[in-house]
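A.B. asks: Give me coordinates for this.
(2 chains)
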Amino acid sequence: MRNLIQNILIPALTLASSAPLFAQYEFFTPKDAFAIEVSLPNSSEKRLPMYRNAITSLHVQGDRVIGGTTAKEGLSPYLFVTSLSGRKMLAMKDLQETIPGQKAIATGFCKGAGNVLYAGTLSHSGKDQQAGHLLQVTIGSGDAIEVKDLGSPIAGEGIFTLLSNAQGTALYGISYPSGKFFTYDIASKKTQVFDEVAPKEKELKNAHDFAVGPEVYLCKALIQDSKGLVYGSAAGNRIFTFDPAKKSISFLETPLPAVWGREVLGQVEAWAKAPNGKLYGGNAGDGQLFVLDPATKTIKNLGKPTMMPRLQALAFGGDGKLYGLAGGAPGYSHLFSYDEKAGFVDLGNPEFKMVEPGIEQGILWRGFQLSTLASSADGKYMVIGEDEALSQLMIFPTTK
Amino acid sequence: MCAATSFAQKSPTEDKNTVFIEYPDFPEAHSTWGSIGYNAASNTVHIGVTNHANNIGLYTFDASQKTMKLNGFIKEMANLRPYQWQGKIHSKIVAAPDGSIYFSTDGGESREEYLMEHPQGYAGGFFMKWDAKNGLKNLGIGMQYESIKDVDIDPKTGTLYGITYPQAHFLVYNPEKNQMRDLGRLASSHVPRVLFTDWWGNCYYVDWRQRLVKYEKDSDSLVFAREALPAFPGTPGSKIITGVTAYAKDEAKGIIYLVTYGAKLIAFHPEKQGIGKVEDLGGVIETGKAPAWGPYVPNLNIGQNGKLYYIIGGHGNYVLKDKTVLVEFDPATKKPTILREYPTTSMTEATGSDIRDKDGNLYFAARRRTGEGDSSRPFMIQFNPEKEIRK
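C.D. replies: Below is the predicted model of the structure:
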């Protein structure tokens, strides 16, 4: 044991004490990866303020990255636009100017017709709690962010999850905290509510027994298959489908993959559709990646990229690989890739160079808490958003 | 910016102004890492000494009696279980007016960062309190899986501040209410060094641009400086992001002296509200050979004469070949003078901020290499720049 301490532990520990960061690993630092500083208090640069910048929604539109944030209690979130080629922040908008009392834009952005985007909000909790709103977001001339308030689809409820159909004519969502499924017709502005997926008394008791709330048991992500069916999760470790043509909900026979005894934690928090139409999903409960075959309605458990629960984001890169964000607090998020041949590759914490006015020599930015992932339409870039008190964007190339 | 460096008396080891003090009763003792502090209530210096694996001894040096005593080992005094192993105390040791001392614990690196919930993983660093009468009190973990690299205290309220590794979260802990608040990550890839407080109890760290970040207690908020602390042209980003490595306070003059990882000396004039004036005093030394930002200074003390004293070198970074040097810096003239040169075999590196006893003796927590690899022995340096040390 003494030899072990002298030969292995002491040299390993010594490195940590005062020297630059050395370790027994290498960071994921692909050539041409970079970080964009989007948050910085008290700056002459255009930057998001502290505690209002956790990047919980991301979309890449041509050269522009559009972000939506979540704020700490009592503060309002922002929308922002950055340029990939310019590697800089272009515009930001305080949502308080349009809709007061909101806390989060955490649904991701859904593409409507043309370049119109849609997102939903969650309001602050408390006795004066307001409903969440549907937002219509466009980037106008000079990168001006234009937000239109489409109102609250369900009275008193926030919007936890949102998806647009392939045509960009309808929105599908999950309300918060009751967990109702709703549809919203963009042209007519009509909402239809479905109660079937909302947790019932038994599921609510189970959640209470496990000391978890709606953030854990409500469906966090929806996806549509090539035939138009919408998929999401429901409390009880189940997957439901919504048929827009029949306006009906049904449940798959195959449950979400689970660690025994922890089924109550089942929650899909990320989806990505492969070119072959298969749906890849991430289960927050124990961090399993799974694939759902829409043709057979069966689920295959592909395993856990890391030891931790959570799988917060999934997106296909231009290199054909599926990228994802596994894990998170109280540990760290791990970026991983997956393809059928190689399986999982754990890329760990990305560390990219940040070059900005005043730090022209560049500093290395290591991402610990990563919440969002979006690929550019041309497949050249993958954009990661951080979830921190001061969050930044991290970008790496994914071209073949 | 640097005034020319002059050379004064040189000595290989001890002399009438310098005493090397060993730590008794801990054969495996390996090192100390900034884990030193002065307790004015008892005129004592407290040191955390580690085997650099899993055992930490807490020592007290009685500056009046000239005795060094092992109070006990942290894992036993704090009733830690094997899965709550701690690699070392990396924080300085701060004292409250009532004579109790506070510090935090640290895991080390690789095992700490990556094993986490693995059976050999790191539970997290603790805030701890100790006094001679009641012994050690474990105040709990700061953040799960995170080390606490440094602490400081608001002596008026007893509020503790902490900075974690590797995520660099700034913590504010009220021991009376057992209220722990995480104010979030302040930077990214670096090993955090020192927090410091001003005389009002506000606490400071730096962001990734090496701008001062102040926890302003009156507003209960973080205030970010508009400008970065001074740095030499060409200072690498890894130096900038690390920021301040040591400090020393001259309360009578209203100045807190800082030394940065980029080898700048700075006179900071804190103000109760907002960020105060920052004055560039130049480099820690001028060698004329290496880049000015290169020297490594993880320590700083101030004498009763108002001059600064620091030891340059460590981690393979030395301004003289295989030698550490003790430097006197006069803020009035901005002139550094090398007072002593030590072979790295007698002193490899030293840490510690602002440790001075009633007699004007200054203290550094040092170590010397003892063989191949990183084997070393820790010892404490007592140095009086103005008079012979009373033995």
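A.B. asks: From now on I want contacts and neighbour counts done on CA atoms only, so please keep to that.
C.D. replies: OK.
A.B. asks: give me the low-pLDDT residue ranges for the chain?
C.D. replies: You didn't pick a chain, so chain A it is. A:1-24, A:400 (pLDDT under 70).
A.B. asks: look at chain B instead
C.D. replies: For chain B (pLDDT under 70), the answer is B:1-12, B:109.
A.B. asks: can you list the residues of chain B near chain A?
C.D. replies: B:33, B:52-53, B:87, B:90, B:108-110, B:116, B:144-145, B:167, B:183-186, B:188-191, B:193, B:208-209, B:224-226, B:234, B:236-238, B:240-241, B:298, B:315, B:373-375 (CA under 8 Å from any CA of the partner chain).
A.B. asks: Show me where the stretch 201-350 of chain A has its helices.
C.D. replies: Using DSSP state H, counting those that start in this stretch, the helices of the stretch 201-350 of chain A run over residues A:201-209, A:214-217.
A.B. asks: Now tell me what touches the last one from outside.
C.D. replies: Think helix A:214-217. A:Y176, A:P177, A:S178, A:G179, A:A207, A:A234, A:A235, A:V264, A:L265, A:G266, A:Q267 (CA atoms under 8 Å, 6 or more residues apart in numbering or on different chains).
A.B. asks: Adding neighbour count as columns, could you present these in JSON lines?
C.D. replies: Below are the contacts of helix A:214-217 laid out as JSON lines (neighbours: other CA atoms under 10 Å in any protein chain shown):
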{"residue": "A:Y176", "neighbour count": "25"}
{"residue": "A:P177", "neighbour count": "17"}
{"residue": "A:S178", "neighbour count": "18"}
{"residue": "A:G179", "neighbour count": "27"}
{"residue": "A:A207", "neighbour count": "20"}
{"residue": "A:A234", "neighbour count": "23"}
{"residue": "A:A235", "neighbour count": "26"}
{"residue": "A:V264", "neighbour count": "23"}
{"residue": "A:L265", "neighbour count": "24"}
{"residue": "A:G266", "neighbour count": "30"}
{"residue": "A:Q267", "neighbour count": "32"}
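A.B. asks: which ones are touching A:P350?
C.D. replies: A:F27, A:F28, A:T29, A:H334, A:L335, A:R366, A:G367.
A.B. asks: switch to 6 Å and redo it
C.D. replies: Going by CA atoms under 6 Å, 6 or more residues apart in numbering or on different chains, A:P350 touches A:F28, A:R366, A:G367.
A.B. asks: host element of B:Y204?
C.D. replies: Here B:Y204 sits within strand B:203-206, counting by DSSP states H and E.
A.B. asks: most packed of the helices of the stretch 201-350 of chain A?
C.D. replies: Ranked by average neighbour count under the criterion mean count of other CA atoms under 10 Å in any protein chain shown, the helices of the stretch 201-350 of chain A are headed by helix A:214-217 at a mean of 19.
A.B. asks: For residue 41, which residues are in contact?
C.D. replies: Just going to use chain A. A:P49.
A.B. asks: Chain B was what I was after
C.D. replies: B:A41 neighbours (CA under 6 Å, 6+ apart): B:G99.
A.B. asks: And the strands in the stretch 1-150 of chain A?
C.D. replies: Using DSSP state E, counting those that start in this stretch, the strands found in the stretch 1-150 of chain A span residues A:34-36, A:54-61, A:64-70, A:78-83, A:88-94, A:102-104, A:110-111, A:117-120, A:122-123, A:134-139, A:145-149.
A.B. asks: can I assume A:L162 sits in a strand?
C.D. replies: Yes - according to DSSP: H, G, I helix; E, B strand; the rest coil, A:L162 belongs to a strand.
A.B. asks: what distance separates the start and the end of stretch A:100-107?
C.D. replies: 18 Å (CA to CA, to the nearest Å).
A.B. asks: Check which residues of that stretch are buried.
C.D. replies: A:G101, A:Q102, A:K103, A:A104, A:I105, A:A106, A:T107 (16 or more other CA atoms under 10 Å in any protein chain shown).
A.B. asks: Isn't the second one up against A:S123?
C.D. replies: Right, A:Q102. Yes - at 4.0 Å, A:Q102 counts as touching A:S123 under the criterion of CA atoms under 6 Å.
A.B. asks: contact partners of the host helix or strand of B:V259?
C.D. replies: Assigned by DSSP H and E, B:V259 falls within strand B:255-260. If you take CA under 6 Å, 6+ apart as the criterion, strand B:255-260 is touched by B:G243, B:V244, B:T245, B:A246, B:Y247, B:A248, B:K249, B:L265, B:I266, B:A267, B:F268, B:H269.
A.B. asks: hmm, try it at 8 Å
C.D. replies: B:198, B:243-250, B:264-270, B:284, B:297, B:300.
A.B. asks: In strands, which of those residues fall?
C.D. replies: Among these, DSSP state E puts B:244-250, B:264-269, B:300 in strands.
A.B. asks: mind checking the end-to-end distance for stretch B:40-48?
C.D. replies: 18 Å.
A.B. asks: Return the distance of that stretch from the chain's centre.
C.D. replies: In terms of CA atoms, centre = their mean, to the nearest Å, the centre of stretch B:40-48 is found 15 Å from the chain centre.
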